[in-house]
Each structure stands twice: as C-alpha cells, then as structure tokens.
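In: after the sequence you'll find the predicted model.
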Amino acid sequence: MNTSMRMNTDPGTRRRALSVLLALSASAALAVPGTAAAQEPSGAGAPPPPISWGACPKAEPPYPDPTPRAQCATVEVPLDWSKPKGPKIGLFVARHRATDPARRIGVLMSNPGGPGAPGADDALYADDPYSGYTPEMLQRFDMIGFDPRGIGRSQGARCDETIADSLPARPRDAAGFERLRTLNGRLADSCLRQTGPLAAHMDGESVARDMDAIRAALGERRISFIGHSYGTFLGERYARLFPDNLRALALDSAMDPDRPDAERYLRDGSVSVNGTLKRVAAWCEKDPSCALKGEDLTAVIDQLFARADAGTLRDPGPEGPTRTKVDADQLSGFLTDASRGWFPEETARQLAALHTGKGEVRWSVGGGDPYARLVMCRDYDFRIRDYAHYRAIRERVAKAAPYVRYNAQALDTILSCQGWTMPPKPRPAQAKGDLPPVLVVNATDDVATPLAGAQRMARAFPEATLFTMDVVGHWLYRRGESEEAMRVIDAYLTSRKG
C-alpha cells in the first residue's frame, strides 16, 4: 500500500544550504586502531568479531575536528562479495553513541549520497548545530556513518584525471560521440590500473552488502537507515537483499530504483527543471522585484535559445554584450544550475542580463566526477547505441522540456557512461522477508532526484508513504531549511516499533 502526504510551503523560505563535507586526513585514517573482519552476513560460519573502537583522526586544517564523542574503526569486508573468502578491503566506520542509553532505540546508519561522498562525516559531526542531528535523535540512536568502498578513507579509488579533463562535454557529430566513448573507455581502464580490482566492485549492491557486514560487526539484529539522494538507492538495495534486517527505512530525495534507460532518466530530470522555470515565470508575473517584470519569462528563454542556435547570443558585460558567444548547451547548463534551488530573483536577473546583453552571468563548468562513474555506470544502464540514437533522445526530451531542452546534470551522467568498460550490474532479486513500512520524502521540483523517480521508489515497496513538499530543492533533511521534512523523518524513525 502506498499513501501520500503533501505539504505546501513558501518556496522563498526554503533555500537549501550547501552541505560542507568535512574531510579527515586519509593518512591519519589508516591509523584507526579498531579493526573487525566481517564474514558474509548471509552465509554460514562464525559471527564476525565485535568492532574495536578507537579515537578518530584529527581533521586537516581549516576543517574542525570531529566531535569528541565520535569513535572510529575499520571493518574488513570481501573485495568481491561473490568470493567471500577472497581478498579483503577496509571500510572506515564512525560512531556517535546515543546520549541517553536508557532510551536508546538502536543503530541509525546513514549515507549522504553523491555517489562519492564520505559518509563517515554523518557520525563524526553528528552533534554539529548546523548540519547535525537534533538532540532528541542523538539521545535515541547510535549514529553510524561509513565511507563507502573506494571512497574517501575506505581505500579511495584513483583514476587518470587528465583523461577526464580531455573528454568532450557534448558530442556534436558521430565522430565526437565515438571519441567520447573511446576516452571513457580509457578512463575506466585507468581506474582499474591505478585502483586495482576494487574499481570493478564499487556498485550499490556491493555497498549494501558492506552495510550488512557493518551491522553484523556491530552485533545488531536490525538497523534503521536514512539515505539521502544516491543514498536512497543504497537503502533500496539493502531492502532487496536484507529485508528482515531493517527496523526502519527513510529515503530523502529518492533515486529511481527501476534502472531507467538514458531517455527516461534524462526526460524526468529535464521535465523537473522545466517545471521549476515555469514556476519562476509565474513568480515573475506577480513580484515587482523581478528583473524581467512585464515580460513573459518563458518567451525570453525561447528567444535566448533562438539566438544561441543562430550564433548571435553573447555573454553579457558591464557595458553591453561581449564578443564571447553563448551556445545552446551553455544555456541549458545555466538553466539547470539556476533550478537547483529557489532563487527566483537571481535567476531572473541573470536571464535579464543575457536578454539585454548588460550585466553578469555566473557560468559553471560541467562534466562528471570520474569516481562517480565507477558507481553510476555499474548501477544504471545508460548505454546509447550510436550518435543517431543520442540525437533522437535529445530531440524527444527537448519537446518534453522546451524551456531547458535538457537537464545538464543528468546528461553529464549519461554521457559519462558511454563506452565505460565495466558493464552495468543486474538488479538483485528481492530476498524473502518482511520489510517495515518505508518513508520516502521528496520535493516537487528537484533537479537531481525528480519527483517521478521518488514516486517509483515508493511503489517499489509493499507499504510506503510518500511525503512531498511543494518546494524547489534537493536533500530535504535540513535543520533550518526544509525543517518540516526533518520533523516527519525523525518522527517516523523514533516511532517505529521493534
């Protein structure tokens, strides 16, 4: 059964703050004293030894040191879960113990997404007044964070970034598409050379199995889990593999679990950006502070694309247009970035600068993280047959999302997987067992995890609640930002019985 709740809020008060990933010294992390070797949780054999916790390494300046309540350790897991007695790798794990042991519910494991974010920070800075958990949550749970395999302090992967820097951002013909494939293949091979076999085992299923190894090493029968963004994909994988080991599952800003192909992934993301731009246009009609007041903002965007196609759109300057051309791909990238949060005044101001030629536009540099490819290109099948297929997808998506043409972030991800030499991994079968009711939370307008994907995530479970907030943004579990979502998630996590 799927139920749905919706809350309307003023999007102007819900600006998502950028989270700061506070990195520890990788060399110091290697000195963590506690190490537990985890056997395959689903297999036979003796239980793994308990984790031997020790002090956490100091942070590299200028970042603050972890909370003194944090403890750190290393858990050993199989490099390849299909060979549980084979070579092992170490996972960096951190814990913030419940502050009220008498009221302790259990363990709350988390993952901040990315993919590629060092998840141990969730425990290392669990009591941070800005980005941490509430005092009530800290009383009730041991907070467990870990750096996923190949990420951060868990034997971070290495690739030849000079290859990544040479990749064409947007292929413009068949030759360019084939060059992209060739370079992506070389990048994948460089990851294997520099990282070793771990590079081929950084997929979500392997990480979900690592999570259960951590659970077993903790001596916990079940865990609660909160995943954000890509972390929701890990939560879904864990639920498929180990349903009986979950007490509660909260998924914030949810990925599509159904392995969408390149076209659906791009279309969903692009339609979400398109909706945000229409929302900005509606705001502009009513708000006198809009720099394009009196104009149809969507018509202005149409005109900008027409000028970009004709080669006549120029980067604005303080006194008028410069000589620097702006093409349609740059315009799509700008519109995607402008739709990551609710900043209508700034979006309208920069559109007005492009429209008049006078002012400033802050452009961002696109391109995918080479390390995210090691994860996403294994978890999803974004392979495109050839350049003709690619162009056909682009044309159909542009019709569905005319005010942006395409979501640049989604297209970066799709193109990064073309020619990748480590093929997508099949979705694991659903194991038998009883899942708890699941909570899925999402914004109505989200560039990174569109609502359509969150709806599919909710439908993937026998019993799930989809809580939506009528806002623009990503990652709703934020104190002081989309705080209602945080309260809903916390209430769910603390009220679940068992």
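Out: Okay, I see it.
In: name the single longest helix found in this protein.
Out: Using DSSP state H, we find that the single longest helix of the chain is helix 262-286.
In: so T421 touches D189, yeah?
Out: Yes - if you go by C-beta atoms under 8 Å, T421 and D189 touch, sitting 6.1 Å apart. (Glycine included, C-beta is placed from N, CA and C.)
In: which residue sits closest to A174, ignoring its sequence neighbours?
Out: Y387 (4.1 Å; C-beta to C-beta, 6 or more residues apart in numbering).
In: give me the pLDDT for the one you found.
Out: At Y387, the model reports a pLDDT of 98.
In: gap between it and K58?
Out: From Y387 over to K58 the distance is 51 Å, taken as C-beta to C-beta, to the nearest Å.
In: please identify which of the two sits among more neighbours.
Out: Applying other C-beta atoms under 10 Å to Y387 and K58 shows that Y387 carries more neighbours, namely 18 against 13.
In: got the phi and psi for the more buried one?
Out: According to degrees, to the nearest 10, the main-chain angles of Y387 amount to phi -60, psi -40.
In: separation between the closest residue to V326 other than its chain neighbours and L351?
Out: Leaving aside its sequence neighbours, V326 sits nearest to L313 (C-beta to C-beta, 6+ apart; 4.5 Å). Applying C-beta to C-beta, the value for L313 to L351 is 12 Å.
In: what touches both of those two?
Out: Shared between the contact lists of L313 and L351 (criterion: C-beta atoms under 8 Å, 6 or more residues apart in numbering) are residues L304.
In: ok, these two, which is more surrounded?
Out: Comparing L313 with L351 by neighbour count (other C-beta under 10 Å), the higher total belongs to L351, at 27 against 24.
In: how much space separates the more buried one from L331?
Out: 10 Å.
In: which residues are in contact with both of those two?
Out: L304.
In: how far is the strand or helix carrying T444 from where the chain is centred?
Out: In this structure, T444 sits in strand 438-445 according to DSSP states H and E. Averaging C-alpha positions (C-alpha atoms, centre = their mean, to the nearest Å) puts strand 438-445 14 Å from its chain's average.
In: gap between A291 and R181?
Out: From A291 to R181 the distance is 42 Å (C-beta to C-beta).
In: now do whichever strand or helix holds G145: which elements does it pack against?
Out: G145 is part of strand 141-146 when elements are defined by DSSP H and E. Judged by 3 or more C-beta pairs under 8 Å, 6 or more residues apart in numbering; DSSP states H and E, strand 141-146 is in contact with strand 88-96, strand 106-111, helix 121-124, helix 204-218.
In: repeat that for 10 Å
Out: strand 70-78, strand 88-96, strand 106-111, helix 121-124, helix 204-218, strand 223-228 (3 or more C-beta pairs under 10 Å, 6 or more residues apart in numbering; DSSP states H and E).
In: let me see the mean pLDDT of stretch 145-164.
Out: 95.
In: please identify the buried residues of that stretch?
Out: Neighbour-count burial for stretch 145-164 flags 145-160, 163-164 (criterion: 16 or more other C-beta atoms under 10 Å).
In: cool, and stretch 197-205?
Out: Within stretch 197-205, the residues that count as buried by 16+ other C-beta under 10 Å are 198-205.
In: now stretch 253-271
Out: 253-257, 260-271.
In: straight-line length of it, end to end?
Out: By C-alpha to C-alpha, to the nearest Å, the extent of stretch 253-271 from end to end equals 16 Å.
In: can I assume L411 sits in a helix?
Out: Yes - residue state for L411 (DSSP: H, G, I helix; E, B strand; the rest coil) corresponds to a helix.
In: how about the contacts made by the residue lying closest to it once chain neighbours are set aside?
Out: For L411, ignoring the flanking residues on the chain, the nearest one in space by C-beta to C-beta, 6+ apart is L266 at 6.0 Å. With contact taken as C-beta atoms under 10 Å, 6 or more residues apart in numbering, L266 is in contact with 260, 382, 393-394, 396-397, 400-401, 406-407, 410-411, 413-414.
In: in helices, which of these fall?
Out: 393-394, 396-397, 400, 410-411, 413-414.
In: low-confidence bits of the chain, can you list those?
Out: 1-47, 366-368, 480-481, 498 (pLDDT under 70).
In: how close does the residue nearest to V326 sit to L277?
Out: 17 Å.
In: how about A102?
Out: According to C-beta to C-beta, A102 stands 52 Å off from L277.
In: now D315
Out: Relative to L277, D315 is positioned 20 Å away (C-beta to C-beta).
In: these two: which is more packed in?
Out: L277 (23 against 17).
In: wait, that one sits on V404?
Out: Yes - using C-beta atoms under 10 Å, L277 is in contact with V404, at 6.3 Å.
In: what sits in contact with each of those two?
Out: Common neighbours of L277 and V404 (criterion: C-beta under 10 Å, 6+ apart): 301, 335-336, 338-339.
In: ok, back up a step: just say which of the helices and strands packed on strand 141-146 is most tucked in.
Out: Among the helices and strands packed on strand 141-146, ranked by average contacts under mean count of other C-beta atoms under 10 Å, first place goes to helix 121-124 (a mean of 28).
In: report all helices and strands that that one contacts.
Out: Using 3+ C-beta pairs under 10 Å, 6+ apart, the elements in contact with helix 121-124 are strand 70-78, strand 88-96, strand 106-111, strand 141-146.
In: pull up the pairing partners for the last one, direction included.
Out: Okay, so that is strand 141-146. strand 88-96 (antiparallel), strand 106-111 (parallel) (DSSP bridges).
In: quick one: M255 from D122, how far?
Out: Distance from M255 to D122, by C-beta to C-beta: 18 Å.
In: helix, strand or coil for T298?
Out: Per three-state DSSP, T298 ends up helix.
In: re the thing from before, could you report the separation of the residue nearest to L411 from N442?
Out: Distance from L266 to N442, by C-beta to C-beta: 19 Å.
In: ditto for A70
Out: A70 is 30 Å from N442, where distance means C-beta to C-beta.
In: then G54?
Out: G54 sits 38 Å away from N442, taking C-beta to C-beta as the criterion.
In: and the two? Which one has more around it.
Out: N442 (28 against 15).
In: you'd agree the more buried one is up against A464?
Out: No - applying C-beta under 10 Å as the test, N442 and A464 come out as separate, 12.0 Å apart.
In: identify the contacts common to these two.
Out: 251, 457-458.
In: so of the residues you listed, which ones are in helices?
Out: Using DSSP H, those in helices are 457-458.
In: residues contacting the spatially closest residue to R179 that is not a sequence neighbour?
Out: Of all residues not flanking R179 in the chain, P168 sits nearest, at 6.3 Å (C-beta to C-beta, 6+ apart). Applying C-beta under 10 Å, 6+ apart to P168 gives the contacts 176-177, 179-180, 183, 367, 415.
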